[in-house]
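Undergrad: Okay, sequence plus prediction incoming.
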Amino acid sequence: MRIDQALSDAVARLARHATDETATPHLDAQLLLAHVLGRSRTWLYTWGDREVEPAEAKRFNALVERREQGEPVAWLLGYREFFGLPLAVSPHTLIPRPDTETLVEQALTHMPASDVRALDLGTGSGAIALALASERPDWQVTGIDIVAEAVTLAQRNAETLGITNVRFEQGDFFSALAPSMRFELIVSNPPYIDASDEHLGQGDVRFEPRSALVAGQDGMADLLHLIETARDFLTVGGWLMLEHGHQQGEAVRAALTSAGYTTVGTCRDLGGRERVTLGQWPSA
Ligand code: GLN
């Protein structure tokens, strides 16, 4: 079978199994076939009339079948690109999202290029911590996750990418840290979805760990806890930057203000929705 035929067959199969409007059958088929052939997606366009070897066709078919059952493409490929870094993924952590790149961009824009100690709470695959560390070689970045497998995965990602100004530790948010530790920057993409949200029944989210997604108090519990406790670990003038649900911006700003943070602002994600809120621990 030719490459272009293999692709259009797979697209038809994946489109039939699409569960919601977030499905991307063309992209998924291309990513899976490019992976099997060890080529880029653009290569597929150029060489659509080439034959797919039977062994490759079999492997491709097996991946398409798993994708038909809903398995995330990132799991099938074994990695997901985040801020230009190919990160290994696993069922123990959230799959890195493009929306979270907004948080990384804000941190890079607001903070100086050196003398920054940065802390990423609930680091998962290490995505945010690794992006910050690789973009800012002079920063010292710490990533913390409560899940041991996440810490192992994040460490593996750091090693594979040769990023050395980052370290990962297991702990429940701040609990692994000595009380005397201070950071110029604390970032987090904590769980923030309400348990009854229908979003949890759609796409990749169905397969990801609930503990990385769901929080109590309408999804606000972890955000509120972080706003409270980060105060004890921020330097004077230090920044707290939080990812949150697109309808939680107002509640997060209010919580920051009442906890005594200043210079509070919210940034929008790629879809134009409120996604990341910034608070500065007062400088005087
Ligand atoms: N933004 C993710 C989603 O909507 C959720 C991430 C999170 O809960 N921290 O799927």
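TA: Cool, the structure landed. Numbers count the residues shown, from 1 in each chain.
Undergrad: okay, CA-based contacts and neighbour counts for the rest of this
TA: Fine.
Undergrad: Okay, now the sheet partners of the lengthiest strand in the chain, with direction.
TA: In the chain, taking DSSP state E as the definition, the longest strand is strand 234-243. Taking DSSP bridges as the criterion, strand 234-243 sits next to strand 183-188 (parallel), strand 274-280 (antiparallel) in its sheet.
Undergrad: following the shortest one, which helix or strand comes up?
TA: Counting by DSSP states H and E, the next helix or strand C-terminal to strand 183-188 is helix 221-230.
Undergrad: Any part of the helix or strand of the chain with the lowest mean pLDDT near the ligand?
TA: Across the helices and strands of the chain, mean confidence by mean pLDDT, DSSP states H and E is lowest for strand 262-268: a mean of 89. No: judged by CA under 6 Å from any ligand atom, strand 262-268 and the ligand are separated, with a smallest distance of 12.5 Å.
Undergrad: ok, that strand: who's next to it in the sheet?
TA: strand 274-280 (antiparallel).
Undergrad: Is any residue of the strand it pairs with near the ligand?
TA: No: Strand 274-280 lies apart from the ligand when judged by CA under 6 Å from any ligand atom; the minimum separation is 8.5 Å.
Undergrad: on that earlier part again, how about JSON lines for the strands paired with strand 234-243, with mean neighbour count and mean pLDDT added?
TA: Listed next are those as JSON lines, based on neighbours: other CA atoms under 10 Å; pLDDT from 0 to 100:
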{"stretch": "strand 183-188", "mean neighbour count": "24", "mean pLDDT": "98"}
{"stretch": "strand 274-280", "mean neighbour count": "23", "mean pLDDT": "97"}
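Undergrad: ok, and for stretch 131-143, which residues are buried?
TA: By 16 or more other CA atoms under 10 Å, the buried positions in stretch 131-143 come out as Ala131, Leu132, Ala133, Ser134, Arg136, Trp139, Gln140, Val141, Thr142, Gly143.
Undergrad: now do stretch 207-226
TA: Buried residues in stretch 207-226 (16+ other CA under 10 Å): 207-208, 210, 212-215, 219-224, 226.
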